[in-house]
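[1] pasting a predicted model and its sequence here:
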Amino acid sequence: MWPNGTKRDYVNPSRAFCDPELLAGISSLELRARRIVEGYVSGLQRSPWQGFSVEFAEHREYVPGDDLRHVDWKAYGKTDKIYIKRYEQDTNLICYLALDASESLLYQSPQAPWTKWDCARTIAAALSHLIMRQQDSLGWAIIADELRQVVRPSGSPAQGRQFIDELGRLSAAGPTSLGKLLAQLAERWNRRGVVVVISDLFCDLSELLTGLRRLHYRQHDVIVLQVLDPAELDFPFAEDCVFLDMEGADRLAVDPQLLRTGYLRELELHNRSVRASCREWGCDFLQIRTTDPLDLALAALLNRRVRQTKI
């Protein structure tokens, strides 16, 4: 529930939220999975399936019928035994974008340039652009009080265009069941990949952690992007005001000075629990203010992931 802010229900088919400066800022980066992921076609990632590719995995003894092109002649010169090189097959990344479309994302304080919803859509558009640029596979889910849309991953260029078009048509509405729905998605997304959760995370904490834990146990590489308005983090309100429930009809007249300390404490406890759980499960967590330069925030995250990737 928030005062002095606006919620905008955009149903806009334009692609104005696809910030070209943001796309240019991250276009040279590679979104890589830190875990070995499965896939079907050649790309950037490494697969658990062994084939003949460019990265050496191990030797095995030659058996009649093996392709002589894969004989390790250096090993033969040293041992007088014929060994075949086995390789790890390069494979594409599967990335699932889980976008929170509940009504709380429509909040915008006076000092913020846009709503959390517009910020979240811009992040999703930028990541989809990057995924398609890498010729990887994109799938997505739109989450509110139910799974509004779930699209299977595909590496077709049309998939990226469809996602951008959907983002332009979507509006944020209704309450959220983020945690429960992430747990459902963990069962539906049975091919391991990178799952990017984009939300303000204003939901039941225990359900949220359960949902993230299920994604982790399904061996997905999870990235949690928390999008917040500066007023939600700083609580700058000083005068008596009426708080409006962004996902309901409740109204509450309060003195913000009496709430500030308790609110900030509870918010910090909530976010600290999410960070600690992400750290425990090896998930990435990034908090983004709607006033942050998104290209710098995402570039820092993606560069860190590339450095952590074991090639």
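    Ah, there it is.

[2] now residue 252, nearest residue through space, not along the chain?
    Once flanking residues are discounted, residue 252 sits nearest to residue 243: 4.7 Å by CB to CB, 6 or more residues apart in numbering. In this view, the C-beta of every residue, glycine as well, is placed from N, C-alpha and C.

[3] what packs against the helix or strand containing that neighbour?
    Of the helices and strands defined by DSSP states H and E, residue 243 is found in strand 241-244. Contacting strand 241-244 under the criterion 3 or more CB pairs under 8 Å, 6 or more residues apart in numbering; DSSP states H and E are the following elements: strand 251-254.

[4] show me which residues of the helix or strand just after the strand it packs on are buried.
    For strand 251-254, the succeeding helix or strand toward the C-terminus, using DSSP H and E, is helix 256-281. Residues of helix 256-281 classed as buried by neighbour count (16 or more other CB atoms under 10 Å): 256, 271, 274, 277, 278.

[5] distance from the strand holding residue 243 to the middle of the chain?
    32 Å (CA atoms, centre = their mean, to the nearest Å).

[6] so, low pLDDT: which residues of the stretch 51-200 of the chain?
    Along the stretch 51-200 of the chain, the parts satisfying pLDDT under 70 run over 51-58, 86-91.

[7] what segments of it are strands?
    55-61, 83-91, 94-100, 107-108, 137-143, 147-154, 194-199 (DSSP state E, counting those that start in this stretch).

[8] can you say which of those strands is packed in most?
    Sort the strands of the stretch 51-200 of the chain by mean neighbour count, taking mean count of other CB atoms under 10 Å, and strand 94-100 sits at the top with a mean of 27.

[9] that strand pairs with which strands?
    Using DSSP bridges, strand 94-100 pairs in its sheet with strand 137-143 (parallel), strand 194-199 (parallel).

[10] hmm, back to that, CA atoms only for the strand holding residue 243 - export them in CSV, please.
    The C-alpha trace of strand 241-244 is given here as CSV (Å, rounded to 0.1, in the frame of the first residue of the first chain):
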residue,chain,number,x,y,z
CYS,A,241,-1.3,10.2,4.2
VAL,A,242,-3.5,7.4,3.0
PHE,A,243,-1.9,4.2,1.9
LEU,A,244,-3.7,2.4,-1.0
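
[11] what bridges to the residue minimising distance to the centre of the chain?
    Nearest to the geometric centre of the chain sits residue 196, at 1.5 Å (CA atoms, centre = their mean). Beta-bridge partners for residue 196, by DSSP bridges, are residue 97, residue 223.
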